[in-house]
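>>> Structural data only, the sequence is not supplied:
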């Protein structure tokens with residue numbers, strides 16, 4: 001049985017989601033989340049304590065905001081991956097792709 005390019009892409013997405021799911025359940029993930037939040041807090045406190053010029057304050061704000069957005073997106077991606085990896089859902093999806101491919 002050969003796979004179409006689309007089927008291979010879907011399988012790769014499920015494999016990535018499974019890896020993220022496993023990451024979510026690891027002790028290392030909990031440590032990463034805690035350390036990340038501590039680092040963001042530390043950067044924010046440093047930013048607020050400094051006597052920065054308007055331009056420096058703006059740059060620091062942008063930098064901290066980018067870090068916070070990255071962290072939030074990473075956490076969301078990992079948490080949502082848990083919901084994506086359902087063996088029955090994968091089987092149903094692959095079956096539907098096969099059936100649709102056979103329809104002329």
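Sure thing, it's come through. Just so it is clear, the structure is predicted and the values come from calculations on it, not from any experiment.

>>> average pLDDT for the longest helix along the chain?
Longest helix in the chain by number of residues, with DSSP state H as the criterion: helix 54-84. Confidence for helix 54-84, expressed as mean pLDDT, is 88.

>>> Just list what that helix packs against, helices and strands only.
helix 5-24, helix 27-49 (3 or more CB pairs under 8 Å, 6 or more residues apart in numbering; DSSP states H and E). Every C-beta, even on glycine, is put in place using the N, C-alpha and C of the backbone.

>>> what's the first one in contact with?
Spelled out, it's helix 5-24. For helix 5-24, the surrounding residues in contact (CB atoms under 8 Å, 6 or more residues apart in numbering) are 3, 29, 77-79, 81-82, 84-85, 90, 93-94, 97.

>>> just the last one next, same as before
Outside helix 27-49, the residues that touch it by CB under 8 Å, 6+ apart are 23, 57, 60-61, 63-64, 67-68, 71, 75, 78.

>>> now do 6 Å
23, 60, 64, 68, 71 (CB atoms under 6 Å, 6 or more residues apart in numbering).

>>> residues near residue 78, how many?
Residue 78 has 20 neighbours, counted by other CB atoms under 10 Å.
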